[in-house]
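Peer 1: Predicted model and sequence below, questions to follow.
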Amino acid sequence: MAHSGTDTALDSIACTAGGRISADHPAYALACLGLIFTAVSASAQERPRARDIGVAPGVFAPGVNNAITDVAGVRVGHATVDQGDRVRTGVTAIIPHPGNAYLSRVPAAVHVGNAFGKLVGSTQIVELGELETPILLTCTLCVWKAADALTEWMLGQPGMERVRSINPVVGETNDGGLNDIRSRPISAEDVRRALDGARDGPVEEGSVGAGRGTVAFGWKGGIGTSSRKLPAARGAHTVGVLVQSNYGGVLQMGGAPVGRELGQYAYKNETSPERGDGSVMIVVATDAPLSDRNLQRLAARAMLGIGRTGASGSNGSGDYVIAFSTATEVRRAWDARRHTTTELSNDQASALFEAAIEATEEAAYNSILRATAVTGNGRTVEAIDIEKVKEVLAKYRPQ
């Protein structure tokens with residue numbers, strides 16, 4: 001079983017004399033670091049992000065990494081799972097802050113765009129307005145295995161010895177085209193790798209983690225992320241978004257009709273089987289002190305960003321948004337009898353709404369542009385042709 005190109009390469013690191021470097025040798029660690037840096041750098045050079053080709057939605061500037069991890073404390077980890085020629089799937093973990101998510105809970109909300117999906121843990125978030133675990137994304141038939149593994153991982157954390165109830169949160173999209181989804185291939189070890197490997201800084205995008213087997217608008221989809229940093233006059237808060245794209249419609253980028261120009265879109269003709277089915281999972285993080293009520297409003301705006309990409313919102317599309325705030329002013333101790341919070345007023349939320357729309361739109365583009373072609377389960381899904389996309393953008397760019 002192979003998990004990722006980096007994992008496989010680490011298994012074959014050799015010293016200059018031709019022999020293998022043992023895992024406890026100092027040179028091994030240096031070689032690993034060099035290999036990881038090279039792999040990430042090479043990947044970044046192969047496929048551009050939206051801004052690299054002139055697509056920069058909205059009016060607000062992105063954060064340093066243009067990623068959900070620009071919200072301080074948020075970390076992202078992937079476990080990409082390839083098995084033989086049939087399994088192409090994975091797990092993506094979003095951890096809200098460096099502490100214990102159960103003992104120090106963040107306010108959270110869920111917005112449902114279309115409920116043809118399985119979002120484990122959503123009803124308790126709706127009822128209590130808080131998140132008590134990291135968020136996992138995976139494939140449809142793996143959500144319950146992932147939830148069980150997340151529960152086990154959480155119960156093993158320090159301070160959890162007396163916990164008797166926990167609400168794991170796991171979202172999904174259906175990658176059954178490229179992945180032998182009926183085998184339910186995700187293991188507890190895969191979940192632990194995603195959680196334990198979660199990091200801040202740049203986030204790997206495209207055909208990785210939970211995006212390994214996804215398809216968007218007929219091209220390879222995947223994981224994408226983006227962020228917006230509000231100016232000081234608007235509060236200087238950050239909004240970050242991560243998307244697992246597996247949905248369809250009529251793709252447009254920055255208003256340019258990319259799908260129509262490239263001849264691949266839903267309802268292309270009277271007999272076309274393509275109708276924009278699929279799903280999208282969206283995670284929105286912010287450091288703005290918002291209540292769960294205003295986080296629900298923030299989550300709803302993310303669907304407007306997905307709409308800007310040309311999504312059909314079809315009957316068969318499971319479209320969900322989870323939003324949370326990392327602000328200490330609204331954090332909730334698990335055993336507190338009372339919560340004293342300071343939150344932004346309704347009137348101060350408008351700029352955050354705009355930021356969420358912009359970051360969601362760009363994250364979706366990044367998930368498609370960064371994705372590489374994948375072959376699995378007897379099928380190949382090609383990555384979108386970057387040069388052709390550039391031609392369409394140039395054609396419709398205002399002069």
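Peer 2: Good, I have the coordinates.

Peer 1: residue ranges for the helices of this protein, please.
Peer 2: 5-11, 26-46, 122-128, 143-155, 188-196, 258-261, 292-308, 350-369, 386-396 (DSSP state H).

Peer 1: Show me the one of these that comes nearest residue 166.
Peer 2: Closest approach to residue 166 among the helices of the chain (CB to CB): helix 143-155, 5.5 Å. Where you see a C-beta, it was placed from the backbone N, CA and C, and this is true even at glycine.

Peer 1: List the buried residues of the closest one.
Peer 2: 143, 145, 146, 147, 149, 150, 151, 153, 154 (16 or more other CB atoms under 10 Å).

Peer 1: ok, now which ones touch the third one?
Peer 2: Residues counted as contacts of residue 146 (CB atoms under 8 Å, 6 or more residues apart in numbering) are 91, 136, 138, 168, 170, 186, 191.

Peer 1: what's the distance between it and residue 118?
Peer 2: 11 Å (CB to CB, to the nearest Å).

Peer 1: mind listing the strands for the stretch 1-150 of the chain?
Peer 2: Secondary structure of the stretch 1-150 of the chain (DSSP state E, counting those that start in this stretch): strands located at 75-83, 87-95, 104-115, 130-131, 135-139.

Peer 1: between the second one and strand 75-83, how many degrees?
Peer 2: Think strand 87-95. Angle of strand 87-95 versus strand 75-83, following axes from the mean of the first three to the mean of the last three CA atoms, to 10 degrees, is 170 degrees.

Peer 1: Residue 309 and residue 362: what is the separation?
Peer 2: 10 Å.

Peer 1: again but with residue 279, I slipped
Peer 2: Using CB to CB, one gets 19 Å for the distance from residue 279 to residue 362.

Peer 1: neighbour-wise, which of these two wins?
Peer 2: residue 362 (31 against 27; other CB atoms under 10 Å).

Peer 1: quick one: that one and residue 53 touch, right?
Peer 2: No - assessed by CB atoms under 8 Å, residue 362 is found out of contact with residue 53, at 11.9 Å.

Peer 1: give the contact list for residue 122.
Peer 2: 110, 169, 320.

Peer 1: how does this structure divide up, domain by domain?
Peer 2: 1-46, 55-396 (automatic domain parsing).

Peer 1: Lowest mean pLDDT across these, which one is that?
Peer 2: Comparing mean pLDDT across the domains of the chain, the weakest is domain 1-46, with a mean of 43.
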